[in-house]
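model this:
(2 chains)
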Amino acid sequence: MILFLQSLINGILLGGIYAACAAGFSLAFGVMGIVNLSHGDFVMLGAFVTYWLFVLLGWDPFLTLPITLAILFFLGFFLQKLMLNRLTGVPPIMSYLLTFGLHLVLSGLALRTWTADYRTLNTVYTGLNLIVFGLVLPYSRVATFLFAMVLILGLYFLLYRTEVGRAIRATAQDGEMARLMGVRIFRIYAFTFAVSVAITGLAGSLIAQTFVIYPQMGLPFTITAFCVVVLGGLGYVPGTLFGGLILGIFESLSTTYLTAGLSMALTFFLLLIMLLVRPGGIFGKGILE
Amino acid sequence: MMGIGKRTLVILSLLAVLFAVLPALGLEGYRLRLLSLVFMWIALAGCWNLMSGYTGYIDFGPVTYFGAGAYATALFMIRLDLPFFVSLVLSGILCAFLAFLIGLATLRIRGAYFAIATFAAAEALKQIVLEGDRVVGFEFFGGSHGLTLPVPPPSEFFYYFLLAFTVLVIGISFYLERSKFGYGLRAIRGSEQGAELSGVPTLSLKIKAYILSSSLIGCIGGMEAYWLTYIIPEDVFNVLRTIQMVIMTLLGGMGTIWGPVIGATFLTLVGEFLGTKFVYDYLILLGIVIIIVILLLPRGIVNLVKSKRGGAQ
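Have a look, this model is predicted:
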């Protein structure tokens, strides 16, 4: 029983992080129809920003969040302005390939600059746990989870409670109509992608404490993001929270009771079955083509 | 419409004969292998084009069948001591069956969903091959250690094999340009609903095209396993292979006969040049090439030539 509860809690803590990593993916797909294959590389970049600020300047990982936010926001803004905005009106496959090219460039450059070494972040509170009724709750994981929740809530407020958010949602629903109503959609695209990249980078900064950091860590996160958004409904941002939690719990339980390698295969089967049975996600609110 | 005119047929046959006698004229070593590699990619990109180019369904998991074919051939040869050609034919049949199962499920969904589902299928199969042994408890797939195949025949064997496959795939493309099957597939690309309403059995055509393309890719995978003699899951199921098939076809022009031929030839040679000159920066440069191709030639080289020749389309 204690084993089951512990894996359940691990799964929830993991799921929160997955949700934060995937929210930006869902946003970019929902608004611009971009399937961003370089998504995970922004997680990697965020993690490295935190790592270097910690190692070189001794900053606490949580204090590095604003820096990550600023750097990745501008990176996303310019990527959209210079490249992705040119893809409007061409078949969606172009966006898969362009972002895959971007993935090769980003992960390749990271590999050249920072080498393939595996790195970990060790703060003073790494390894300290809160123990409740025999259940182990690592402080850094709990804090990371809480920050991830704040991140998702923040995104929710941005989308549903602000004027910019209204413009973003209008653009997502019907770009041409939004344009007629006076929304400057290309600026909205650039802003949306910047937000998507920035929150993904923030998620990367958060996981820097609990995951191993290396230049090739991106692609697995892209695949995780696929699974999460399909579970939650592709393009439906609030769904990612539940998608993340389900995937986290599913992975954690299957790792405990089966083997870790098989858990990956099972994740893909979950993804396949979801796509076939309920392509709109568990709430059925995803965008269907 | 480009049908197979008499002149084209003559030129193509002459080309095929020319390539067939090249080894006898002293083509060997590195150049022979490079040309074989070009043929392999033409055939692979061509196979991908048969399905995705003509129907517009973007298959992001052709490497499923490349890997499945490679592993099936290797396993038939090692575990059952079957000769190469028998193993290859059996692998092709196995891939066709696998494609039928996966296609039956995934070809009902569209767009990004189909792309993600096929991508997931490839990764799932890779994980099964990688971890299957550990779960079941005895050695079969060889896990991350991979499999070693029997000693292969000389390079000329693979050269002719790949030349034959290239001819076959181009031949099928010509058939698709003219036949009812091909018109059906292109009707699906134009408007699936419209095609369905006009009496085109869309699902069955899509599955047929998917099986055709997948089993051929599986055979080429099996051939590569024998050629390299050593396979590991990370290599034969590498997503980069998928991307290469897609980008080659796209560079040349999707849904055309010559698109994959031009794209594959160009990118294989560029890749070979970059790979030998810039060993460490190869992937970065490949990424830059992809980005440039997408931004500058979104409709492919073949269509660029066509629209120049035919004025504004």
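
against A:Ala19, how distant is the residue nearest the centre of chain B?
By C-alpha atoms, centre = their mean, chain B has its centre lying nearest to B:Leu44, at 2.2 Å. As judged by C-beta to C-beta, to the nearest Å, B:Leu44 and A:Ala19 stand 37 Å apart. (C-beta placed from N, C-alpha, C; glycine too.)

one more: B:Leu168?
On the measure of C-beta to C-beta, B:Leu168 and A:Ala19 end up 48 Å apart.

so what's the residue count around A:Val230?
30 (other C-beta atoms under 10 Å in any protein chain shown).

hmm, it is touching A:Gly243, no?
Yes: contact criterion C-beta atoms under 8 Å: A:Val230 and A:Gly243 qualify, at 7.3 Å.

which stretches of chain B form strands?
Applying DSSP state E to chain B gives strands spanning B:147-148, B:230-231.

rank those by pLDDT, which is bottom?
Mean pLDDT values for those show the minimum at strand B:147-148, a mean of 87.

re the thing from before, the residue nearest to the centre of chain B - nearest residue in space that isn't next to it in sequence?
Nearest-residue entry for B:Leu44: B:Met245, 5.2 Å, with adjacent residues in sequence omitted and distances by C-beta to C-beta, 6 or more residues apart in numbering or on different chains.

now swap in A:Gly30 and tell me
With C-beta to C-beta, 6+ apart as the criterion, A:Gly30 has its nearest non-adjacent residue at 3.2 Å, and that residue is A:Gly235.

again with A:Leu3
The shortest distance from A:Leu3 to any non-neighbouring residue, by C-beta to C-beta, 6+ apart, is to A:Thr256 (6.6 Å).

what's the answer for B:Pro298, then?
Closest residue to B:Pro298 apart from its sequence neighbours, by C-beta to C-beta, 6+ apart: A:Val90 at 4.9 Å.

quick check, the one you found in a strand?
No: going by DSSP: H, G, I helix; E, B strand; the rest coil, the assignment for A:Val90 is coil, not a strand.

does it touch B:Gly300 like I think?
No: here A:Val90 does not reach B:Gly300: they are 11.5 Å apart, not a contact under C-beta under 8 Å.

who's more crowded, the two?
B:Gly300 (24 against 13).

from B:Val246, how far out is that one?
Distance, B:Gly300 to B:Val246, using C-beta to C-beta: 12 Å.

equivalent analysis for A:Val31, please.
A:Val31 sits 24 Å away from B:Val246, taking C-beta to C-beta as the criterion.

likewise for B:Tyr71?
22 Å.

go on, A:Leu82?
For A:Leu82, the distance to B:Val246 equals 23 Å [C-beta to C-beta].

more neighbours: those two, which one.
It is B:Val246, of A:Leu82 and B:Val246, that has more neighbours when counted by other C-beta under 10 Å, with 27 against 11.

against chain A, how distant is the more buried one?
As judged by C-beta to the nearest C-beta, to the nearest Å, B:Val246 and chain A stand 6 Å apart.

surely that residue and A:Gly101 touch.
No: using C-beta under 8 Å, B:Val246 is not in contact with A:Gly101, being 11.4 Å away.

which residue sits closest to A:Met32, ignoring its sequence neighbours?
Nearest non-adjacent residue to A:Met32, counting by C-beta to C-beta, 6+ apart: A:Tyr189, 5.6 Å away.

my error: substitute A:Val229 in the last question.
Spatial nearest neighbour of A:Val229, excluding adjacent residues (C-beta to C-beta, 6+ apart): A:Ser26 at 4.4 Å.

pretty sure the one you found is touching A:Leu231, no?
No: using C-beta under 8 Å as the test, A:Ser26 is too far from A:Leu231 to be in contact (10.6 Å).

got any residues that touch both of those two?
Counting by C-beta atoms under 8 Å, 6 or more residues apart in numbering or on different chains, the residues touching both A:Ser26 and A:Leu231 are A:Gly239.

and chain B, is the helix or strand of chain A with the lowest mean pLDDT touching that?
Ranked by mean pLDDT, DSSP states H and E, the helix or strand of chain A with the weakest confidence is helix A:260-277, at a mean of 76. Yes: interface with chain B: helix A:260-277 contributes A:261-262, A:264-265, A:268-269, A:271-272, A:275-276 (C-beta under 8 Å from any C-beta of the partner chain).

got those residues as a markdown table, with neighbour count columns?
Shown next, in a markdown table, are the residues of helix A:260-277 next to chain B (neighbours: other C-beta atoms under 10 Å in any protein chain shown):
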| residue | neighbour count |
| --- | --- |
| A:Gly261 | 19 |
| A:Leu262 | 18 |
| A:Met264 | 22 |
| A:Ala265 | 23 |
| A:Phe268 | 23 |
| A:Phe269 | 15 |
| A:Leu271 | 24 |
| A:Leu272 | 20 |
| A:Leu275 | 23 |
| A:Leu276 | 14 |
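
quick one: which two of those residues are the most distant?
Across the residues of helix A:260-277 next to chain B, the longest distance by C-beta to C-beta is 23.7 Å; it joins A:Gly261 and A:Leu276.

and the helix of greatest length in chain A, what other elements does it pack with?
Secondary structure assigned by DSSP state H gives helix A:2-32 as the longest helix of chain A. In terms of contacts (3 or more C-beta pairs under 8 Å, 6 or more residues apart in numbering or on different chains; DSSP states H and E), helix A:2-32 is packed against helix A:39-57, strand A:135-138, helix A:139-161, helix A:163-173, helix A:185-207, helix A:218-232, helix A:239-257.

count the residues that sit near B:Ile109.
Around B:Ile109 there are 19 other residues, counting by other C-beta under 10 Å.

same check, this time on B:Thr148
Using other C-beta under 10 Å, B:Thr148 has 12 other residues around it.

am I right that it is in contact with B:Thr229?
Yes: when contacts are counted by C-beta under 8 Å, B:Thr148 is listed as touching B:Thr229 (6.4 Å).

if we can go back for a sec, so what touches the least confident helix or strand of chain A?
Outside helix A:260-277, the residues within contact range by C-beta under 8 Å, 6+ apart are A:226-227, A:230-231, A:247, A:250-251, A:254-255, A:258, A:281, B:105-106, B:108-109, B:113, B:116-117, B:120-121, B:123-124, B:127-128, B:130-131, B:134-135.
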